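In: Give me a model of this one.
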Amino acid sequence: MASPLFSIVTITKNSSSLFKVTASSIASQLHTDFEWIAIDASDQAESLSIVDSFINSISILVRGSDCGISHAFNLGIQRATGSYIL
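Out: This is a model prediction of the structure:
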């Protein structure tokens, strides 16, 4: 299988309302040549539930990283296979 054109890296930590808006936008895209990598450091049930509700749209889900936002983005970049990373 060919690599996607681009990789979308989304970072979240207990920000369920913002993640839901972002996730809804990504999940509704008509363009399909991308992968979506979600890095979730949430520890609140509501945030975990929102992320789980988009599990079918997320290509790669990494949970439990809480070493800061830069570390989280680096985790996403390491897993990205797209020609471009957003």
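In: tell me which element the residue nearest the centre of the chain falls in.
Out: By CA atoms, centre = their mean, the chain has its centre lying nearest to A38, at 1.9 Å. Using DSSP states H and E, A38 sits within strand 34-40.
In: Quick check: can you name the pairing partners of that strand and their directions?
Out: strand 6-12 (parallel), strand 60-63 (parallel) (DSSP bridges).
In: so the residue nearest to the centre of the chain makes contact with T12?
Out: Yes - between A38 and T12 there is a contact at 6.9 Å, judged by CB atoms under 8 Å. C-betas here are computed from N, CA, C, even on glycine.
In: Between these two, which contacts overlap?
Out: Any residue near both A38 and T12 by CB atoms under 8 Å, 6 or more residues apart in numbering counts here, and that gives V51.
In: on contacts alone, who are the packing partners of the helix or strand encompassing S70?
Out: Using DSSP H and E, S70 maps to helix 69-79. Where contact means 3 or more CB pairs under 8 Å, 6 or more residues apart in numbering; DSSP states H and E, helix 69-79 is packed against strand 6-12, strand 34-40, strand 60-63.
In: if we go to 7 Å?
Out: strand 6-12, strand 34-40 (3 or more CB pairs under 7 Å, 6 or more residues apart in numbering; DSSP states H and E).
In: Check which strands are paired with the helix or strand just after it and give the direction for each one.
Out: Proceeding N to C from helix 69-79, the next assigned helix or strand is strand 84-85, under DSSP H and E. Strand 84-85 pairs in its sheet with strand 6-12 (parallel), by DSSP bridges.
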